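J.: predicted structure and sequence below. I'll ask about it afterward.
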Amino acid sequence: MPNAQNAGKKGYVSWIARIAVATGAILWLLHGQDWGKLAAVFHSLSLEYFSLSLVVYAFAQVVIAVRWWLLLRAQSIHIGVLAAVRLFFLGLFYSNVMPGSVGGDLVKAWYVTKHTNKRIEGALSVFVDRVIGLIGLVLMAILTYVLSLQGRVPAFFKAKEGGAGWFSPHPWAIPGTVAILGVFLAVVLAHPAGRAASARLAGIVRLRGAFLLRRVRDAIVAYCSRPWVLLWTMVLTFVGQSIVIVAFWLLGRDLGIEAGLEYYLFIFPVMWVVGAVPISIAGLGIVEAGTVGLFCYLTGVPDEKKGLVVALVFCQRFVWVLASLPGGLIHLLGAHLPREEISIDCEEGGN
């Protein structure tokens, strides 16, 4: 019981910390904004382009859901493609609309185990799907940089004239980081509670690690033995993410942002990857502030037009939330459950 209470407290503290990060990022983004000009930008927004972005984003999520369905089939988990789409939108709803302590990926991983006896493989498919999505975004950003932006995007670590780049004035960065981590580890191991926690963790790893590693290894072998499946998942990643970015580019042009599509294909994937790091609530604030900062820095948007980019990133957030709402309806109707469980629930409700 005390362990459960401690876990609950840690989750609560983590949730409060992520709210604080999101709030701080939003306040930083809106600091100094001319509210009248920002309202005028939203007022001038074309409903047609916003609706196009919404429809394209929703369609792209169906494409990404099919990608996950292919990964499930690679593990011989044969659920219907519509069931996979419903579970995917359920995860979107929990990620974008109800971002509490339980993330959308965890919800999706939990409910997919209701559809199969291969619980570990089903849960692992969610993790693999997320990894493939992130790899696809990173590759998209790298390819865009190499093919279109090389020489136009400032390199933070590039050697400058008369110096060796960022590490030249900061030679202590790497050894200092290593030293801090070493001191932290030493303090943890020196304290009795730290040693006890380390011992418990080691015991859990010894007891469950071998079994889980064997199942994970078998799942990875199943994926690697189907290279065409992995290739198709990457193709679907590029298709799904690129059409969303094109839609946001059209929305940006409607707002009056003159930057080329290549900047969107670089900035948006980078910030979506950053937003996947759980330091905020669904990346709220971090994605918006980072996108505006990076956009203005790389494209040279003047301060008087910064509000255009601010409006664009908030439109992006509105699109995410609106497109995720069907997941809430799916949950209310019980459409995320196998038909057998729905029948049982209905019978119990009738009794």
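T.: Done, it's in. Quantities reported herein were computed from a predicted structural model and do not represent experimental measurements. Numbers count the residues shown, from 1 in each chain.

J.: buried ones in the host helix or strand of L106?
T.: Per DSSP states H and E: L106 is located in helix 104-112. Using 16 or more other CB atoms under 10 Å as the test for burial, helix 104-112 gives 104-105, 107-112. The C-beta positions use only the backbone N, C-alpha and C, and glycine is treated the same way.

J.: could I get the average pLDDT for it?
T.: Helix 104-112 shows a mean pLDDT of 84.

J.: next SSE after it?
T.: Next element after helix 104-112 (DSSP H and E): helix 119-144.

J.: the helix holding L106 packs against which elements?
T.: helix 81-96, helix 119-144 (3 or more CB pairs under 8 Å, 6 or more residues apart in numbering; DSSP states H and E).

J.: could you dump the ones you listed into a markdown table with distance to E304, mean neighbour count and mean pLDDT added?
T.: Formatted as a markdown table, those follow (distance: least, CB to CB, whole Å; neighbours: other CB atoms under 10 Å; pLDDT from 0 to 100):
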| stretch | distance to E304 | mean neighbour count | mean pLDDT |
| --- | --- | --- | --- |
| helix 81-96 | 31 | 23 | 92 |
| helix 119-144 | 27 | 19 | 88 |
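
J.: now the helices for the stretch 251-351 of the chain?
T.: In the stretch 251-351 of the chain, the segments counted as helices under DSSP state H, counting those that start in this stretch are 261-275, 286-299, 306-333, 339-350.

J.: state the distance from the nearest residue in space to L45 that is not next to it in sequence to E262.
T.: Spatial nearest neighbour of L45, excluding adjacent residues (CB to CB, 6 or more residues apart in numbering): L255 at 6.5 Å. As judged by CB to CB, to the nearest Å, L255 and E262 stand 18 Å apart.

J.: neighbour count winner among those two?
T.: Higher neighbour count among L255 and E262: L255, with 22 against 16, using other CB atoms under 10 Å.

J.: I'd guessed the more buried one sits against F42; true?
T.: No: contact criterion CB atoms under 8 Å: L255 and F42 do not qualify, at 9.1 Å.

J.: okay, and the common contacts of the two?
T.: A311 (CB atoms under 8 Å, 6 or more residues apart in numbering).

J.: work out which residue lies at the spatial centre of the chain.
T.: By CA atoms, centre = their mean, the chain has its centre lying nearest to A276, at 3.3 Å.

J.: what does the helix holding L106 contact?
T.: Against helix 104-112 from outside (CB under 8 Å, 6+ apart): 72, 77, 79, 87-88, 90-96, 122-123, 125-127, 130, 336-337.

J.: rewinding a little: got a list of what the residue nearest to L45 touches?
T.: 41, 44-45, 308, 311-312 are the contacts of L255 under CB under 8 Å, 6+ apart.

J.: so what's the residue count around the closest residue to I257 other than its chain neighbours?
T.: Residue nearest to I257 in three dimensions, not counting chain neighbours: L308, with 5.1 Å by CB to CB, 6+ apart. L308 has 21 neighbours, counted by other CB under 10 Å.

J.: contacts only, for L308.
T.: L308 neighbours (CB under 8 Å, 6+ apart): 41, 252, 255-257, 301.

J.: tell me the buried residues within those.
T.: 41, 252, 255, 257, 301.

J.: list the residues that contact the fourth one.
T.: Just to be clear, that refers to I257. Contacts of I257 by CB under 8 Å, 6+ apart are 301, 305, 308-309, 312.

J.: what is the nearest of these to L134?
T.: L134 lies nearest to L312 out of the contacts of I257, by CB to CB, at 22.7 Å.

J.: hmm, V319 and L54 touching each other?
T.: Yes: here L54 reaches V319: they are 5.1 Å apart, a contact under CB under 8 Å.

J.: those two: who's more crowded?
T.: V319 (23 against 18).

J.: from S51, how far off is the more buried one?
T.: Distance of V319 to S51, given as CB to CB: 10 Å.

J.: now E121
T.: The gap separating E121 from S51 is 39 Å, by CB to CB.
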